[in-house]
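In: sequence and predicted model, in that order:
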Amino acid sequence: MVIFGLLAGRIRRRFSFSQAIIGSLVAGGVLIVGFALCPWYPLSVVLWAACVGVGIFFNINTTSLRQRITPPDMLGRIMSIASVLAWSAIPLGTLAGGALVSAGVDVGALYLWIGVVVTIVPLLFALGPLGHAERYLPTAHPVEPTPQAATAQ
């Protein structure tokens, strides 16, 4: 898990933001499918750790993308609303999953379907703005003249 976090910058430099973000979501979905189908506990632990590592890689890259495309005076608001939306989904998913398992849905089958959905949905996002995130990156950040530089001219 830590390896993905430590190598996120190096890996991302080889791919565009879109490829890194969508690819990490698809990889996470595939790992969840593998986890759901895996009959061996040691391999399940490795698959789950890899899935969490891919999630860390995803978080680092989405945060970096937001930082690159958001004006500095708006960054705090954008980051906080992104966190609220992301963290709000966790209890909703937990309630839905708990209700399905309580209703008799097999836990392995539920993970399998979650993995399939998590694999397919990012591919649909690739057709929209997230698939072309580089279009929204500023070409260069304008440098504000400092008061000393303005008076020196």
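Out: Received the coordinates, thanks.
In: so where is this protein shaky, pLDDT-wise?
Out: The model of the chain has pLDDT under 70 over residues 140-153.
In: helices along this structure, start to end?
Out: Counting by DSSP state H, the chain has helices at residues 2-14, 17-37, 41-69, 75-102, 107-125, 147-152.
In: got the angle for the first one vs helix 41-69?
Out: Between the axes of helix 2-14 and helix 41-69, defined by axes from the mean of the first three to the mean of the last three CA atoms, to 10 degrees, the angle is 40 degrees.
In: extract the C-alpha trace of helix 2-14 and format it as CSV.
Out: Output of helix 2-14 as CSV, limited to C-alpha atoms (Å, rounded to 0.1, in the frame of the first residue of the first chain):
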residue,chain,number,x,y,z
VAL,A,2,2.8,2.4,0.9
ILE,A,3,4.6,1.6,-2.3
PHE,A,4,1.8,3.1,-4.4
GLY,A,5,1.9,6.3,-2.3
LEU,A,6,5.7,6.6,-2.6
LEU,A,7,5.7,5.9,-6.3
ALA,A,8,2.6,7.9,-7.2
GLY,A,9,4.6,10.8,-8.6
ARG,A,10,6.9,8.7,-10.7
ILE,A,11,4.0,6.6,-12.1
ARG,A,12,1.9,9.6,-12.8
ARG,A,13,4.7,11.3,-14.8
ARG,A,14,4.5,8.3,-17.3
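In: that one: which residues count as buried?
Out: By 16 or more other CB atoms under 10 Å, the buried positions in helix 2-14 come out as 4, 8, 11-12. (Glycine included, C-beta is placed from N, CA and C.)
In: where's the residue nearest to the spatial centre of the chain relative to residue 94, distance?
Out: The centre of the chain sits closest to residue 58, judged by CA atoms, centre = their mean, with a distance of 3.1 Å. For residue 58, the distance to residue 94 equals 19 Å [CB to CB, to the nearest Å].
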